[in-house]
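> Below is the sequence, then the predicted model.
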Amino acid sequence: MSAGVKTVRVDLGTRGYDILIGEGLLARAGELLRPLMKAGRSRVFIVADANVAELHGGTLMGALEAAGYSGHLIGIPPGEDSKSFAYLATVLDELIGLGAERDDLIVAFGGGVVGDLTGLAAGLLKRGARFVQLPTTLLAQVDSSVGGKTAINSRAGKNMVGLFHQPALVLADLGVLDTLPARERSAGLAEIAKYALIDDPAFFDFLEANAAALRGGDKAALAEAVRVSCASKARIVAIDETEQAERALLNLGHTFGHALERANNFQHSLLHGEGVGVGMAMALRYSVQLGVCPGQDAVRAERLLNALGLATRVADLAGGPYVAEDLLAHMAHDKKARNGKLTLILARGLAQAYIQRDADTAPLLDFLRSETAS
């Protein structure tokens with residue numbers, strides 16, 4: 001591997017894979033995919049959203065052609081609406097119509113929506129085809145592209161229909177982030193901050209010291225932040241691949257955040273990372289209210305999130321309306337719920353996240369009312 005490219009290993013035995021992090025990986029995609037290509041295979045099937053295809057499709061197709069492969073592009077509209085049964089059917093029908101087989105490679109080329117949809121389609125195609133994640137947003141590079149969670153949304157909530165299907169490789173090209181809007185970059189920084197808030201105080205210090213550089217897209221700071229984030233997720237996934245225990249910690253901020261997204265009907269006015277940013281701040285404030293977290297730690301976390309360009313209060317979010325009773329109802333559909341009881345990811349302090357099972361809804365509803373009061 002060339003200098004400047006960082007490698008993080010997701011250690012899952014025979015299903016393990018590498019995450020490559022660096023600049024220029026897209027232009028080398030054909031070369032980097034070569035070890036995964038089965039004998040006699042020369043076709044690569046690419047699922048991409050329209051914006052990514054327009055911006056970077058030519059580079060990917062050129063890289064495949066230079067390596068002697070042909071790329072077949074399946075385009076989908078950008079946005080959360082594409083994580084649906086309708087587009088899952090569209091992608092599967094296209095793949096089957098093109099003659100895709102289990103030994104072929106399917107590439108998810110885009111942000112988290114494309115990665116989730118493509119991974120699920122690959123997992124279902126002929127009972128499981130191989131796929132590669134080529135994430136083009138910061139959020140996808142540090143979160144959804146790693147760990148094998150694939151899903152679409154249902155009317156009941158976010159990511160309700162899915163399966164665990166690990167990729168064969170993740171290529172996180174930092175160069176493609178140059179075309180990422182500042183708002184999308186901040187949304188990705190929310191997921192980066194999550195890893196620090198779970199259990200890494202040294203990483204929290206790094207983020208505090210480099211918040212302005214990260215928000216501005218500094219490549220050296222981003223490279224380190226992506227590496228640490230991916231290594232953190234890889235470690236937890238290796239311990240608990242299917243989220244029976246520790247992996248639930250990766251949902252810090254997500255139970256609140258997903259409820260906010262659902263209340264906003266998954267519209268672009270509230271990005272996933274923006275919901276998670278407020279959700280993490282809410283989780284810490286609720287922990288303070290329960291008496292398990294020092295107030296100054298919640299304040300420090302909020303200051304970091306603000307420095308990364310993120311809101312930390314429901315009142316500062318676009319979209320809505322955000323009503324306490326509705327949010328609680330959406331939280332009841334969270335995937336971590338067991339036997340009708342809520343599971344929350346809370347914190348005993350900075351970098352001290354923990355899992356609270358069978359959460360009492362009465363104080364939670366009071367808290368949500370205070371958070372949504374205008």
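Structure received. Numbers count the residues shown, from 1 in each chain.

> Could I get the contacting residues of A53?
Residues in contact with A53 (CB atoms under 8 Å, 6 or more residues apart in numbering) are 73, 75, 109. No exception for glycine: its C-beta is placed from N, CA and C like everyone else's.

> rerun that using 7 Å as the cut-off
A53 is in contact with 73, 75, counting by CB atoms under 7 Å, 6 or more residues apart in numbering.

> What's the local residue count around the residue nearest to E94 when sequence neighbours are not counted?
Distance criterion CB to CB, 6 or more residues apart in numbering; nearest residue to E94, sequence neighbours excluded, is I74 at 4.6 Å. Neighbourhood size, I74 [other CB atoms under 10 Å]: 23.

> secondary structure class for I74?
Taken by DSSP: H, G, I helix; E, B strand; the rest coil, the conformation at I74 corresponds to strand.

> a strand runs through G162, doesn't it?
Yes: per three-state DSSP, G162 lies within a strand segment.

> So the residue nearest to it when sequence neighbours are not counted versus L308, what's the distance?
Nearest residue to G162, sequence neighbours excluded (CB to CB, 6+ apart): A151, at 2.8 Å. Going from A151 to L308 by CB to CB, to the nearest Å gives 26 Å.

> Which one's more surrounded, the two?
L308 (24 against 20).

> and the nearest residue to that one once chain neighbours are set aside, what is it in contact with?
Closest residue in space to L308, ignoring its immediate chain neighbours: L189 at 4.2 Å, by CB to CB, 6+ apart. Contact analysis of L189 by CB under 7 Å, 6+ apart lists 138, 214-215, 308-309.

> Then K219?
So K219 contacts 23, 174 (CB under 7 Å, 6+ apart).

> State the pLDDT value of it.
Looking at K219, its pLDDT is 95.

> what's the answer for the one 5 residues further on, then?
E224 is assigned a pLDDT of 97 by the prediction.

> Would you agree A100 is in contact with V47?
No: taking CB atoms under 7 Å as the definition, A100 is not a contact partner of V47, at 10.7 Å.

> okay, those two: which has more neighbours?
V47 (29 against 23).

> Could you measure from the more buried one over to A329?
Per CB to CB, V47 is found 33 Å from A329.

> Please apply the same query to Y195.
Y195 sits 29 Å away from A329, going by CB to CB.

> between the two, who's got more neighbours?
Neighbour comparison, Y195 and A329: the larger count goes to Y195, with 26 against 14 (by other CB under 10 Å).

> What helix or strand is the more buried one located in?
helix 182-199 (DSSP states H and E).

> How far off centre is that helix?
Put simply, helix 182-199 sits 10 Å off its chain's centre (CA atoms, centre = their mean, to the nearest Å).

> do stretch 217-234 as well
14 Å.

> Could I get the buried residue list for it?
221-234 (16 or more other CB atoms under 10 Å).

> same check, this time on stretch 285-298
285-290, 293-294, 297-298.

> Enumerate residues external to it that contact any of its residues.
284, 346-350, 367.

> so which two of those residues are the farthest from each other?
The distance between the two most remote of the contacts of stretch 285-298 (CB to CB) is 20.0 Å, for L350 and F367.

> the more surrounded of the two?
A count of neighbours by other CB under 10 Å puts L350 above the other of L350 and F367, at 22 against 18.

> so which strand or helix has the closest residue to the more buried one other than its chain neighbours?
Excluding the flanking residues, the one nearest L350 by CB to CB, 6+ apart is D297, at 4.6 Å. Assigned by DSSP H and E, D297 belongs to helix 295-307.

> Show the subsequent helix or strand relative to that helix.
helix 324-331.

> Can you list the buried residues in stretch 108-128?
108-125.

> Please narrow these to those residing in strands.
By the criterion of DSSP state E, membership of these in strands covers 108-110.

> who touches stretch 132-146?
By CB under 7 Å, 6+ apart, stretch 132-146 touches 10, 19, 29, 33, 52, 56, 105, 107-112, 115-116, 167-172, 176-177, 180, 184-185, 187-189, 191-192, 226, 229-230, 233-234, 272-273.

> Quick check: end-to-end length of that stretch?
Using CA to CA, to the nearest Å, the end-to-end distance of stretch 132-146 comes to 10 Å.

> what are the C-alpha coordinates of stretch 290-301, in CSV please?
C-alpha atoms of stretch 290-301 as CSV (Å, rounded to 0.1, in the frame of the first residue of the first chain):
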residue,chain,number,x,y,z
LEU,A,290,-31.0,11.2,36.2
GLY,A,291,-28.1,12.2,38.5
VAL,A,292,-25.5,9.9,36.8
CYS,A,293,-23.5,12.4,34.8
PRO,A,294,-21.7,15.7,36.0
GLY,A,295,-23.3,18.7,34.5
GLN,A,296,-20.0,20.2,33.4
ASP,A,297,-19.4,17.1,31.2
ALA,A,298,-22.6,17.6,29.3
VAL,A,299,-21.7,21.3,28.8
ARG,A,300,-18.2,20.4,27.6
ALA,A,301,-19.7,17.9,25.1
